[in-house]
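Peer 1: Quick check, what structure comes out for this input:
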Amino acid sequence: MLKIHFSGEDILRTRVAPAADPVWELVLSLHALQGRNRDPLTSSWRHTVSRELRQDAASEQLKLLFALNPPRGYFPDFLTPYASVEGFQAGLDAVRSTPVELLRRDLGVLAAETPLPSSAAALARGDVAVLHHLAESMERYRSLAIGPYWHRIQAAVAADRARRARALLDGGVEGLLTSLRPAMRWEGGVLEVRDYPHHRELHLDGRGLLLVPSFFCASTPVALLDPALPPVLVYPVDRLGGLAPADGTAPGATDAGRDSLAALLGRTRAAVLQASDDGCTTGEMARQLNISPAAASQHATVLRNAGLLVSHRDRNRVLHTLTPLGRAMLDP
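Peer 2: Model (predicted):
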């Protein structure tokens with residue numbers, strides 16, 4: 001179990017990452033790709049990416065990157081720098097400039113559990129060429145395994161952020177932390193991650209906590225090993241139907257497109273879909289559209305069964321958000 005201890009100052013400084021973190025998604029996807037878990041929501045992605053990696057002439061260049069990210073157990077903290085909250089290039093810049101002492105320490109921990117290729121020794125010495133090669137490998141892998149699916153990953157994370165934002169507005173930071181159940185439990189100033197593989201106590205010491213919603217995070221949230229680094233907790237989101245590459249077939253957001261959507265779904269259900277764009281409870285949907293709560297619930301059920309909405313119950317309320325397919329029907 002992981003126990004994260006909050007002070008009053010930590011509660012004030014806790015926040016949710018502004019979007020899907022491209023470096024965390026990259027690293028965690030490497031674990032998913034190599035793992036034994038055959039998650040049906042990522043099976044098509046695994047098959048496609050594995051095939052493309054076998055065919056890709058540069059795949060041998062990815063050997064070090066894969067070695068640093070075994071499917072289970074420890075992986076180096078320096079691969080997921082805090083700077084990645086500012087975007088992929090900011091994260092890569094931080095990887096390229098990793099201090100030698102951090103490289104040596106992280107790779108020493110990893111080498112005790114996992115065999116590493118010879119290039120890892122040069123990396124541990126801070127060899128600039130190897131660091132740049134690693135960053136280039138991350139870019140190459142991202143173009144194959146993450147880029148074509150990024151819109152789906154973003155949509156799933158955006159839906160989770162809408163859910164957490166509602167929890168924050170209704171209950172403050174304590175409401176936000178309480179909303180993370182059942183994977184985590186908030187009680188008495190301590191956030192507990194029950195299925196964490198090791199027993200750890202993490203004291204935030206006034207630094208606050210960055211919560212990072214992640215598509216590729218498995219069922220158990222992930223924290224950095226080094227307690228001196230800025231505290232981060234990566235947690236899984238609802239995958240909203242899995243992964244599919246962008247195909248450019250989404251209807252446009254023109255008036256004609258909206259009319260076509262209404263003709264397809266009916267005007268009320270099309271309006272329900274639009275109302276769910278930023279997250280909407282059944283009661284809010286009913287008031288906004290001037291329909292009864294029972295009618296709003298019925299329309300949401302039809303859209304949910306069609307894969308256009310996902311619904312989360314929080315006590316006596318149900319929050320509806322769009323799936324990637326639902327968003328594709330609204331967005332250009």
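
Peer 1: Next up, the contacts around the residue nearest the centre of the chain.
Peer 2: When the chain is reduced to its mean C-alpha position, the nearest residue by C-alpha atoms, centre = their mean turns out to be Ser214, at 1.3 Å. Contacts for Ser214 (C-beta atoms under 8 Å, 6 or more residues apart in numbering) come out as Ala20, Asp21, Trp24, Glu25, Leu28, Val157, Val222, Val234, Tyr235, Pro236, Val237. To be clear about C-beta, it is placed using only N, CA and C from the backbone, and glycine gets the same treatment.

Peer 1: So which elements touch the helix or strand hosting Leu176?
Peer 2: Leu176 is part of helix 150-178 when elements are defined by DSSP states H and E. If you count contacts as 3 or more C-beta pairs under 8 Å, 6 or more residues apart in numbering; DSSP states H and E, helix 150-178 packs onto helix 8-12, strand 15-16, strand 184-187, strand 210-214, strand 309-314, strand 317-322, helix 324-330.

Peer 1: Columns distance to Leu229 and mean pLDDT on top of these, output as JSON lines?
Peer 2: JSON lines is the format used below for the helices and strands packed on helix 150-178 (distance: least, C-beta to C-beta, whole Å; pLDDT from 0 to 100):
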{"stretch": "helix 8-12", "distance to Leu229": "15", "mean pLDDT": "93"}
{"stretch": "strand 15-16", "distance to Leu229": "16", "mean pLDDT": "94"}
{"stretch": "strand 184-187", "distance to Leu229": "20", "mean pLDDT": "94"}
{"stretch": "strand 210-214", "distance to Leu229": "11", "mean pLDDT": "96"}
{"stretch": "strand 309-314", "distance to Leu229": "31", "mean pLDDT": "82"}
{"stretch": "strand 317-322", "distance to Leu229": "32", "mean pLDDT": "84"}
{"stretch": "helix 324-330", "distance to Leu229": "32", "mean pLDDT": "77"}
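
Peer 1: Nearest to Ala32, out of these?
Peer 2: Of all these, it is strand 210-214 that lies closest to Ala32, at 10.7 Å by C-beta to C-beta.

Peer 1: Got the domain ranges for the protein?
Peer 2: Split into domains by automatic domain parsing, the chain comes to 2-17+152-236, 22-150, 255-330.

Peer 1: Show me which residues of stretch 24-42 are buried.
Peer 2: In terms of neighbour count (16 or more other C-beta atoms under 10 Å), stretch 24-42 has its buried residues at Trp24, Glu25, Leu26, Val27, Leu28, Ser29, Leu30, His31, Ala32, Leu33, Thr42.

Peer 1: ok, now stretch 221-239?
Peer 2: Under 16+ other C-beta under 10 Å, the buried positions of stretch 221-239 are 221-224, 229, 231-239.

Peer 1: right, and out of those residues, which lies closest to Glu101?
Peer 2: Closest approach to Glu101 among the buried residues of stretch 221-239 (C-beta to C-beta): Leu229, at 13.0 Å.

Peer 1: element containing the closest one, please.
Peer 2: Here Leu229 is assigned to no helix or strand, by DSSP H and E.

Peer 1: from what I can see it touches Tyr82, true?
Peer 2: Yes - under the criterion of C-beta atoms under 8 Å, Leu229 lies in contact with Tyr82, with a separation of 7.0 Å.

Peer 1: neighbours around Asn305, how many?
Peer 2: Applying other C-beta atoms under 10 Å, we find 9 residues neighbouring Asn305.

Peer 1: Okay, strands next: where are they in the chain?
Peer 2: Taking DSSP state E to define them, one finds strands in the chain at 2-5, 15-16, 184-187, 190-193, 200-203, 210-214, 222-223, 232-236, 280-281, 309-314, 317-322.

Peer 1: least trustworthy helix or strand in the chain by mean pLDDT?
Peer 2: Lowest mean confidence among the helices and strands of the chain (mean pLDDT, DSSP states H and E): helix 255-265, at a mean of 55.

Peer 1: Please save the CA atoms from stretch 143-151 in PDB.
Peer 2: Listed next in PDB are the C-alpha coordinates belonging to stretch 143-151 (Å, rounded to 0.1, in the frame of the first residue of the first chain):
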ATOM      1  CA  SER A 143       5.200   8.700 -34.000                       C
ATOM      2  CA  LEU A 144       4.300   5.000 -34.400                       C
ATOM      3  CA  ALA A 145       2.600   4.000 -31.200                       C
ATOM      4  CA  ILE A 146       1.000   7.200 -29.800                       C
ATOM      5  CA  GLY A 147       0.600   9.900 -32.500                       C
ATOM      6  CA  PRO A 148      -2.100   8.100 -34.500                       C
ATOM      7  CA  TYR A 149      -4.200   7.500 -31.400                       C
ATOM      8  CA  TRP A 150      -3.500  10.700 -29.600                       C
ATOM      9  CA  HIS A 151      -7.000  12.100 -30.100                       C
END
